[in-house]
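Engineer: Here's my sequence, what's the structure:
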Amino acid sequence: MSGVVFGTVFSDHMFCMEWEEGKGWHNAEIKPYGPLMLEPSSMVLHYAQMSFEGLKAYQTDSGEHVLFRPRENFKRMNRTSLRMCLPELDVEEVLTALKQLLRLDSGWVPNEAGTSLYIRPTILATEEAIGLKVSSKYLFYIILSPVGPYYSQGFNPVKIMVSDKYVRAVPGGVGFAKTGGNYAASNLAEKEAKELGYTQVLWLDAVERRYIEEVGAMNIFFVINDVIVTPQLTGSILPGITRMSVLELGKYWGLKVKEGRIAIDEVLNGLKDGTVSEVFGAGTAAVISPVGTLSYKGEDYQVSGEETGQVAMRFYEHLTGIQYGKEADPFDWVESI
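Structural biologist: Numbering: from 1, shown residues only. Model prediction:
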């Protein structure tokens, strides 16, 4: 997988099915990977009525292929669908279809350390109309992509820039939904951050521009006075599956974990006086990503001496250990394909 850019190579097959008013989901099939047939008037191209998900398949040390908490991804997809006026999926039916696809393309699951097969389910509004309304036709498909580490630096501390110029989402909006427009709207801030040498953007709330929400590709955690703290879900933050797993695993270990409002000034002051000892992100793509630098209003603040902290390392090793079959799975998070 060395030299391959994340998400640019795809397997031989894809799963597709259609939805139409009065028919429901139908025409389910696995077929060779290839272009989609969409009319230029397809509503998704004009009004972005869509949703997508991201999960992974892994090869364990014993050679078995497994999934990590896949039902949670499809449940979240259904929550996005409700907000975006998309038809819901039968979780068990699409999971069965996914497993059939994965068995067919099992040779695409990589076996190098730190690699996996990324899975991208997507729903698009396909009715041929440019009047603004809810579509009456949809396409659901799943594609597969063998991947290595999400960040080019791998499991090493990243540099994050706090955005005080742009906002990602507002209360009552679609910030909790995994829909394309959320990510397109964040591109400009991330482009500007990368031009300044930073890996990602940390978003603040849209009302006061003070309370921390999330990073563009992951949820964010802080270790403050030995308590693991993450922003509470307010409707403008994506409820990450890895975020949920970190919280559950931390409680299982007997660690102090907390969800709440976290002010940026509290974090920056804590980095100065040492009460904030670690910052790390959590998401499907990167799993756990330690943060080595936070930049705010042109000033850089070092985190953990720009080294990976013990808490981040413990979560990374244990979560990946469960995913690759190296650690016991007391939660039954992993299931065979």
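
Engineer: All the helices of the stretch 201-337 of the chain, in order from the start?
Structural biologist: 241-253, 264-273, 310-323 (DSSP state H, counting those that start in this stretch).

Engineer: nearest to residue 51, of those helices?
Structural biologist: Taking Cβ to Cβ, helix 241-253 is the member of the helices of the stretch 201-337 of the chain nearest to residue 51, at 15.0 Å. Every residue, glycine included, has its C-beta placed from N, CA and C.

Engineer: Would you mind pulling up the elements that that closest one packs against?
Structural biologist: Helix 241-253 sits against helix 70-84, strand 219-224, strand 227-231, strand 257-260, strand 276-283, strand 287-296, helix 310-323, with contacts defined as 3 or more Cβ pairs under 8 Å, 6 or more residues apart in numbering; DSSP states H and E.

Engineer: Which one, of those, ends up nearest to residue 245?
Structural biologist: helix 310-323 (6.3 Å).

Engineer: how distant is the closest one from the center of its chain?
Structural biologist: Relative to its parent chain, helix 310-323 has a centroid offset of 17 Å by Cα atoms, centre = their mean, to the nearest Å.

Engineer: Also stretch 258-275?
Structural biologist: Counting by Cα atoms, centre = their mean, stretch 258-275 comes out at 24 Å from the chain centroid.

Engineer: Residue ranges in the stretch 151-300 of the chain under the pLDDT threshold?
Structural biologist: Where the stretch 151-300 of the chain drops to pLDDT under 70, the residues are 152-154.

Engineer: Would you mind splitting the chain into its domains for me?
Structural biologist: Domain assignment for the chain by automatic domain parsing gives 13-147, 158-326.

Engineer: Show me what counts as buried in stretch 107-127.
Structural biologist: Buried residues in stretch 107-127, defined by neighbour count with 16 or more other Cβ atoms under 10 Å: 108-110, 115-127.

Engineer: And for stretch 171-182?
Structural biologist: Burial within stretch 171-182, assessed by neighbour count using 16+ other Cβ under 10 Å, is assigned to 174-180, 182.

Engineer: can you tell me how far residue 230 sits from residue 202?
Structural biologist: 13 Å (Cβ to Cβ, to the nearest Å).

Engineer: what sits in contact with each of these two?
Structural biologist: Counting by Cβ atoms under 8 Å, 6 or more residues apart in numbering, the common neighbours of residue 230 and residue 202 are residue 220.

Engineer: Show me where the stretch 51-200 of the chain has its helices.
Structural biologist: Under the criterion DSSP H, counting those that start in this stretch, the stretch 51-200 of the chain contains helices at 70-84, 91-104, 180-184, 187-195.

Engineer: Residue 337 and residue 96 touch, don't they?
Structural biologist: No: under the criterion of Cβ atoms under 8 Å, residue 337 makes no contact with residue 96, lying 10.9 Å away.

Engineer: Tell me which of those two has more neighbours.
Structural biologist: For residue 337 versus residue 96, neighbours defined as other Cβ atoms under 10 Å are more numerous around residue 337 (18 against 11).

Engineer: re the thing from before, what's the most distant pair in the buried residues of stretch 171-182?
Structural biologist: The span of the buried residues of stretch 171-182, defined through Cβ to Cβ, is set by 176 and 180 at 14.6 Å.

Engineer: buried residues in stretch 219-236?
Structural biologist: 219-224, 228-231, 233, 236.

Engineer: now the residues you listed in CSV, with distance to residue 187?
Structural biologist: Compiled in CSV, the buried residues of stretch 219-236 are given as follows (distance: Cβ to Cβ, whole Å):
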residue, distance to residue 187
219, 19
220, 19
221, 24
222, 26
223, 30
224, 31
228, 30
229, 28
230, 24
231, 22
233, 24
236, 18
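
Engineer: What is the nearest of the residues you listed to residue 323?
Structural biologist: The nearest one, if we look at the buried residues of stretch 219-236 relative to residue 323 and count by Cβ to Cβ, is residue 219, at 17.5 Å.

Engineer: what pLDDT does residue 1 get?
Structural biologist: pLDDT, residue 1: 60.

Engineer: what do you get for residue 5?
Structural biologist: For residue 5, pLDDT reads 82.

Engineer: Looks to me like it is in a strand.
Structural biologist: No: the assignment for residue 5 by DSSP: H, G, I helix; E, B strand; the rest coil gives coil, which leaves it out of any strand.

Engineer: so how many other residues sit close to it?
Structural biologist: Counted with other Cβ under 10 Å, residue 5 comes out at 9.

Engineer: for it, phi and psi?
Structural biologist: Main-chain dihedrals, residue 5, degrees, to the nearest 10: phi -70, psi 140.

Engineer: Tell me how far it lies from residue 151.
Structural biologist: Taken as Cβ to Cβ, the span from residue 5 to residue 151 is 12 Å.

Engineer: same question, residue 35
Structural biologist: Taken as Cβ to Cβ, the span from residue 35 to residue 151 is 30 Å.
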